[in-house]
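Novice: Predicted model and sequence below, questions to follow.
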Amino acid sequence: MTNPMKAGELNQHFQTRFGNQPRIFRAPGRVNLIGEHTDYNDGYVMPAAVAFSTYVAIAARPDRKLVIHSEEFPGRFAFDLDHLPEKRTGEWCDYILGVAAVLRERGIDLQGANLLVHGEIPIGAGLSSSAAIEVATALALMSLSAAQLPLTAVAQLCRQAENTFVGARVGIMDQFVSCLGKAGHSLLLDCRSLEFQLVQIPSGLSLVVCNTMTRHDLATGAYNTRREECEAGTRYLKKWNPAIRALRDVSLEFLELHLQDLPATIAKRCSHVVRENRRTLDAAEALTEGNLDRVAQLMLQSHESLRDLYEVSCHELDVMVESAEGLPGFCGGRMTGGGFGGCTVNLVRHENADEFATRISERYRNRTGISCQVYLCTAEDGAGEIT
Ligand code: GLA
């Protein structure tokens, strides 16, 4: 979704600050309907881009500086393009520096530029504010060079920036859907081949995103630990079948055969991933057929597995999921994103969405004492320039 108001204001602010006319690039956040913690196991995910976006306004400078501002985030940063920091600085500009570093590694000639960033994606809510700033930055920086990369390559280089520069070993899901999302659809993405299929979201359904208002920080430990546990699981399973390259290659039958030979924690992590891949393919089919009961069942199973086997849920997320049960128009929900706080995603019939928002907020507040935020979303198009 382009937001002409937002773009107009950003344009104005850019001109006031830097004195010339920018080009503006937008990249959206996302919700993931199902397929959680499967992307870095070469598996399947089914996310959709949403309207919350990050905007990057850019214009060339005559010198070799990269000057970075934002109206929401603190600090004004200026870097010499020929001496960019080699390690992360711990500031939000790391997402931009990381992308600049990876673009340069790929032989793309960067120019001095002024950047003004406007972010509207709630930070730390698990809606991929990081991927959005990376993708919008990549498009913006590339617009000043002759470089033309396909969006799939943009997603890959943004992920690399986050892995190597920012230090979060995330998978490809967020950057991919931020680049290639499609209005009205979720993407069934094969994270190994990067082939995807658009899965239409039935037109009577809203994506209702409920923010628990508890925060997680992916860059700190737990996410990377889960990844290591999956890698350890792959190493064990490979001993019995050398063709296994990632948990994606493990069938449920094979896993069950060897489950008792794995350390208990590793066995739980592998069980989640192997079953979640299956659930994701099944959910794509069920959504296509309009079998919403089946979708609801799979989403609930996904949540329970993330809670009990993968252990990335938390009390607030569990309460939010339980609070949706039985509300009019509710057609399935679960935690979405990395976990440890953040949001749940719910499929709710349009006509019930407002009431759903009010009632789930009440139920959640009664049990946790926390006032949540609820966003009524639709699936939107991926990143691009705003003209
Ligand atoms: C975060 C990461 C994604 C993915 C999810 C969990 O959002 O950025 O790559 O691993 O967690 O599914």
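Specialist: Now that the structure is in, tell me what you want to look at.

Novice: distance of Gly126 from Gln200?
Specialist: 24 Å (Cβ to Cβ, to the nearest Å). The C-beta positions use only the backbone N, C-alpha and C, and glycine is treated the same way.

Novice: contact partners of the strand or helix carrying Leu198?
Specialist: For Leu198, the enclosing helix or strand under DSSP states H and E is strand 196-200. Contacts of strand 196-200 from elsewhere in the structure, counted by Cβ atoms under 8 Å, 6 or more residues apart in numbering, are 46, 176, 180, 182, 184-190, 284, 287-288.

Novice: can you point me to the longest strand in this protein?
Specialist: strand 47-60 (DSSP state E).

Novice: any idea which helix or strand comes after it?
Specialist: Counting by DSSP H and E, the next helix or strand C-terminal to strand 47-60 is strand 65-70.

Novice: who does that next one pair up with?
Specialist: strand 77-80 (antiparallel), strand 113-119 (parallel) (DSSP bridges).

Novice: contact partners of the first one?
Specialist: The list of residues contacting strand 77-80 from outside it, by Cβ under 8 Å, 6+ apart, reads Arg64, Lys65, Leu66, Val67, Ile68, His69, Pro85, Glu91, Cys93, Leu97.

Novice: Pull out the buried members of those residues.
Specialist: By neighbour count, with 16 or more other Cβ atoms under 10 Å, the contacts of strand 77-80 hold Leu66, Val67, Ile68, His69, Pro85, Cys93, Leu97 as buried.

Novice: could you list every residue that touches the third one?
Specialist: Ile68 makes contacts with Arg76, Phe77, Ala78, Phe79, Cys93, Ile96, Leu115, Val117, as judged by Cβ under 8 Å, 6+ apart.

Novice: Give me the number of neighbouring residues for the first one.
Specialist: If you count neighbours by other Cβ atoms under 10 Å, Arg76 ends up with 10.

Novice: Leu257 versus that one, what's the distance?
Specialist: Relative to Leu257, Arg76 is positioned 58 Å away (Cβ to Cβ).

Novice: likewise the fifth one?
Specialist: Taking Cβ to Cβ as the criterion, Cys93 is separated from Leu257 by 49 Å.

Novice: Equivalent analysis for the second one, please.
Specialist: Using Cβ to Cβ, we find Phe77 at a distance of 54 Å from Leu257.

Novice: Settle it for me: which of the two has more neighbours?
Specialist: Set Phe77 next to Leu257 and count neighbours by other Cβ under 10 Å: Phe77 wins out with 18 against 13.

Novice: sorry, back to before: anything in the helix or strand just after the strand holding Leu198 near the ligand?
Specialist: Of the helices and strands lying after strand 196-200 in sequence (DSSP H and E), the nearest is strand 205-211. No - shown here: strand 205-211 not in contact with the ligand (Cβ under 6 Å from any ligand atom), separated by at least 13.8 Å.

Novice: Which one's more surrounded, Gly126 and Gln200?
Specialist: More neighbours surround Gly126 than the other of Gly126 and Gln200, with 29 against 13 (other Cβ under 10 Å).

Novice: so the more buried one, which of the three states?
Specialist: Put simply, Gly126 is coil when judged by DSSP: H, G, I helix; E, B strand; the rest coil.

Novice: I'd guessed it sits against Gly337; true?
Specialist: Yes - counting by Cβ atoms under 8 Å, Gly126 touches Gly337, with 2.9 Å between them.
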